[in-house]
Every structure is written in structure tokens, then in C-alpha cells.
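1. What would the 3D arrangement of this be:
(one chain, ligands or ions: 1)
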Amino acid sequence: MTTAGDDPLLRAEGLEKYYETADGVLDRLFGRSETVRAVDGVDLEIREGETLGLVGESGCGKTTLGRTLLRLLEPTGGTITYRGTELTDCAPSQLRALRTEIQYVFQNPTASLNPQLTVADIVGEALAVHDIVPDDRRDERVRELLETVGLRADHAARYPREFSGGQRQRIGIARALAVEPDLIVCDEPVSGLDVSVQARILNLLADLQDQFGLSYLFIAHDLSVVDHIADRVAVMYLGGLVEVGTTAEVFADPSHPYTEALLSAIPEPDPRWEGDRIVLEESVPSPTDPPSGCRFHTRCPKVIPPAAYDLETDTFRAIMALRSRLAETDPDTLHSRLDDRDDAAAALRDAHGIPRRLHDPDADAVLTDALEAAVAGDLERARRRLAAAFETPCETTAPELTAGTADHPIACHRFDERFAAETDSNENRTRSNGTRSDHAQ
Ligand SMILES: Nc1ncnc2c1ncn2[C@@H]1O[C@H](COP(=O)(O)OP(=O)(O)OP(=O)(O)O)[C@@H](O)[C@H]1O
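-> Prediction:
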């Protein structure tokens, strides 16, 4: 279906969409506004005739990216090029013309269809606005479109409320098709529908693609849906893409730890999937204050431990959790909780799942010193000691979507040669886990 190697149909480079949360002038005046970095430097290509799946947890910025690509939302940075024309520079009249070529199918068909209008009006409106067919042919064209999406021609006279969820989504698809687009952004088009209805809508989209040579950006949080429909998949985390590749490759051999975790969470994983189930702790951090370096490092099961110490990833993750707990803790609160405990330092280790003695004596000495400082009330020293000693490259350097291959790029230091030494020594530790474990000490 794809024509890899040709110029892409649409290309986004360094695309950004930041929201300002200030409600008005007063909020801005008193500095009560926050910047939500919903899409933060995305490079993306959609190729002619392909379906590109866009996946990620709720709040990662998928909808914002989809809508910004069409300039339904104004980008705050970066460029979007469609068939060689830069959308970000387009005058409104040119953009209106291009809108016939790129369409959007909304997640919630009920909310996106005006309940006051008949189906003929809803689908016909697009024909009229863009002057697609002469007025006297409009009704006929609406009836044809309804039949194309598997509805009956006589449904034209009815109102959206008279249809089921799946039928409403077909109306949304007919409306998008009316202007004879080349590219349709489908935003969770089957979520909320029964599984059997989902399958019928997905089949319809595939048939329409074959019939009209359409390209799709298919946004979904359900990876099994994407596995069925997408040629390639782009994985999004907290405003950025972390991995892009063919669906077959990404599903069979996910590289980014975030992709691995998403795939492992599918209720009935793909038979090609051979990894363990990975439970991601906590939810996606706020895009108003995203973590430094790799945004996923705070949740990453494979975060790279510092090269200076011989630490297993699990132990290092536990130390990171202690670090972030101490960074957030008020000194008085900590002191009052630990004050009357002789074993306060050991209790802090236990509470975070850190072994009473680390295998690496140097690492243990730093940790012991930091815990003693914390227990003595010198939280600042504890924080400094931990931050200086237990710093991961994942928190200091943001990975770019350049590791891996050109066709399967991955934004993860584990695939970046610059961090090969750290990654290799960590992999060796993990492999030798059977013979030695921090937790066995
Ligand atoms: N109009 C807005 N103003 C401020 N913040 C917004 C706005 N719209 C979305 N956001 C925030 O931007 C981030 C990305 O939201 P977005 O809806 O694009 O994510 P998503 O991956 O599509 O999530 P979902 O699957 O839940 O729709 C979220 O933190 C969201 O709260």
C-alpha cells in the first residue's frame, strides 16, 4: 500500500503546540498562566497511501498533534508541509482549498454532528462550502456517499439521534469523504464502539483506502486496533515521538522501553510478542513541567544507571524514587516522622525497596552518607549527595529520534552509541543477575 522512498504526502518538522492556561489578562498579569507543552518538537512523515498509527497513553498529545497537523489548532512552532506546500505559511484562502485534501474524523461522532441538522445537511454542508458539486447534484451525491459508507440513501432525511454509535461514525466518515480528500486524520474513530461494530468500521476504512487511495493518520490508544489497520506506527510520549517503524517490526520487536510497556499491556498480546508484562508506575507526568532529559526516565523500567557504580536497574530505580521523594519532602515533615526512630536510615531504605547494603561499596557509602544527612535534618546535603552521585544520562540529555535505523528510529539512549558504555555494563549486570543481585545482599 505504501510508496516508501517517495516524498511524503505530509511532513511535520519540529512541530510544537503549546497551550497557555491563563484565562484572561489578569491571570497573565499576575503570572498565573502555565504553558502546556502538549506537542513538543515532533518530526513526522505520512506517506502516500499508507495508514500511520499514532499511539500513546491518554494525555500524551495525540489529539493535539492530529489537529495541529491540519491547522485546526495553530502550531506554536515548527513546520508542516503537504505535497510540497508549507501549511504553516498558507494564507486563509489557500488553507481553505487545502482543507478539501485533508480531513478529520472525530473521536466522538455524537458531539461532532450537529443534532439540529439532517444527515443530508451535515454531509451536504461540506459539499456546499467547498463547491464540490453543483447545487442540483448535491442530494444525489449525498445519497451516493451514504451508500459508500454502508448506510442507506434514505437515511439522508434523518437526524443524528436516530442512529447508533457505529452509524454516526459512518456519517462522520461520509462527511469527511464528501470533499474527496487524500488524507484523513482519524482520531480514535472506533473507541467507545462495540467490538463487532469496531471491526466493521475498520473494514470500511480499509475498503475506502483501497477504493480512493486514501492515506490515514490513525490515532488510537488501543494497540490491537492499530495492529489491524496501520502500515506503520508512531509511538508518542509526553509531547514527543519515541519510536516509529513498520507495524510488523514495532509489534514483533519493540525497542523503546515505553513501546515495550504499551505492548505488554495489551490484554491479549500479539502472538509475536515474547516479552514479560511490564506495569508502568504512576501516570503520565504533567506536560506543564515535563521531566528533564528523556521524558520517560521517571517511569522507565530500563533507565540507565550511572556508569560509576555497579548497580542493577531495579536498585537504581529505587534510589531514584528515594531521590525524588526527598526532593519533594518538606524537611520538617521528614524530621518529625523519623525523629524518634533509631533505625531511620534503614527504614528509608526499606520504604523504597533499597537493599540494606548495596553490592557496590562506593555506592553504598554515598547512599549511607546521604541517608544520615537526611535523618539528621540536613535534607539539602542529602539531596545534593544523591543528585551528584546517582545521576543518569537519561535525566541530563534528551534523546533524539535518531537512534536505530532511518526506517525504525528510536529516541532512547540505550540505542545511542554515545551511551553504549553505560548501556553495555548495565546489560551485563542484568544478564549476570542470576549470579549476583543487590537484593540478595
Ligand atoms: N485546550 C487546552 N488547553 C490546555 N491544555 C490542553 C488543552 N487541550 C489539551 N490539553 C492538554 O494537553 C495534553 C495533551 O492532550 P491531548 O488531548 O492532545 O492528548 P491525547 O494523547 O490525545 O489524550 P486522549 O487520548 O485522552 O485524548 C494534556 O495534558 C491535556 O490536558
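
2. Can you give the domain ranges for the chain?
-> 10-249, 291-441 (automatic domain parsing).

3. gap between the residue of the stretch 151-300 of the chain found nearest the ligand and Ala261?
-> Closest contact between the stretch 151-300 of the chain and the ligand, by CB to the nearest ligand atom, is at Pro287 (4.8 Å). Backbone N, C-alpha and C define where each C-beta goes, glycine included. The gap separating Pro287 from Ala261 is 19 Å, by CB to CB, to the nearest Å.

4. Could you do Ala363 as well?
-> Here the distance between Ala363 and Ala261 works out to 27 Å (CB to CB).

5. Ile171 is in contact with Pro189, correct?
-> No - here Pro189 does not reach Ile171: they are 11.9 Å apart, not a contact under CB atoms under 8 Å.

6. These two: which has the busier surroundings?
-> The residue with the greater number of neighbours, taking Pro189 and Ile171 and applying other CB atoms under 10 Å, is Pro189; the counts read 29 against 23.

7. Leaving aside the residues adjacent along the chain, what's closest to that one?
-> The shortest distance from Pro189 to any non-neighbouring residue, by CB to CB, 6 or more residues apart in numbering, is to Val105 (5.1 Å).

8. and the one you found, what does it touch?
-> Taking CB atoms under 8 Å, 6 or more residues apart in numbering as the criterion, Val105 is in contact with 169, 172-173, 176, 184-187, 189.

9. Just the ones in helices from the residues you listed, please.
-> Judged by DSSP state H, the subset of these located in helices is 169, 172-173, 176.

10. Give me the number of neighbouring residues for Glu162.
-> Should you count by other CB under 10 Å, Glu162 turns out to have 12 residues around it.

11. With Asn114 instead?
-> Counted with other CB under 10 Å, Asn114 comes out at 12.

12. What is the three-state secondary structure of it?
-> Here Asn114 is recorded as coil under DSSP: H, G, I helix; E, B strand; the rest coil.

13. Quick one: name the residues of the chain near the ligand.
-> With CB under 6 Å from any ligand atom as the criterion, the chain meets the ligand at residues 19, 21, 36, 38, 56, 58-64, 221, 287.

14. Count the residues that sit near Ala91.
-> The local packing of Ala91 (other CB under 10 Å) involves 8 other residues.

15. nope, Pro134 is what I was after
-> Here the count is done by other CB under 10 Å, and Pro134 has 9 residues near it.

16. what does Ala387 give?
-> Using other CB under 10 Å, Ala387 is surrounded by 14 other residues.

17. Just give the nearest non-adjacent residue to it, would you?
-> Once its chain neighbours are removed from consideration, Ala387 has its nearest residue in Arg323; the separation is 6.7 Å (CB to CB, 6+ apart).

18. Got phi/psi on the one you found?
-> Here is the backbone geometry of Arg323 (degrees, to the nearest 10): phi -60, psi -50.

19. Make sure it is actually in contact with Arg383.
-> Yes - with contact defined as CB under 8 Å, Arg323 reaches Arg383; the gap is 7.5 Å.

20. The two - which one has more neighbours?
-> Summary of the neighbour comparison: Arg323 and Arg383, criterion other CB under 10 Å, with Arg323 having more neighbours (21 against 17).

21. pLDDT wise, what is the more buried one at?
-> Arg323 is assigned 88 on the pLDDT scale.

22. Give me the distance from stretch 138-147 to the chain's centre.
-> Taking the mean C-alpha point of stretch 138-147 and that of its whole chain, the gap between them comes to 37 Å (CA atoms, centre = their mean, to the nearest Å).

23. What of stretch 83-101?
-> For stretch 83-101, the separation from the chain centroid amounts to 26 Å (computed by CA atoms, centre = their mean).

24. So for it, what gets flagged as buried?
-> 87-88, 90, 95, 98-101 (16 or more other CB atoms under 10 Å).

25. now for these, which pair is the farthest apart?
-> Spatial extent of the buried residues of stretch 83-101 (CB to CB) is set by the pair Thr88 and Thr100 at 18.6 Å.

26. now what about the lengthiest helix in the chain, what contacts it?
-> Selection of the longest helix in the chain by residue count, based on DSSP H, yields helix 195-212. Residues external to helix 195-212 that are found in contact with it (CB under 8 Å, 6+ apart): 1, 49, 51, 148-150, 164-166, 169-170, 173, 177, 180, 186, 189-190, 193, 214-216, 218, 225, 228-229.
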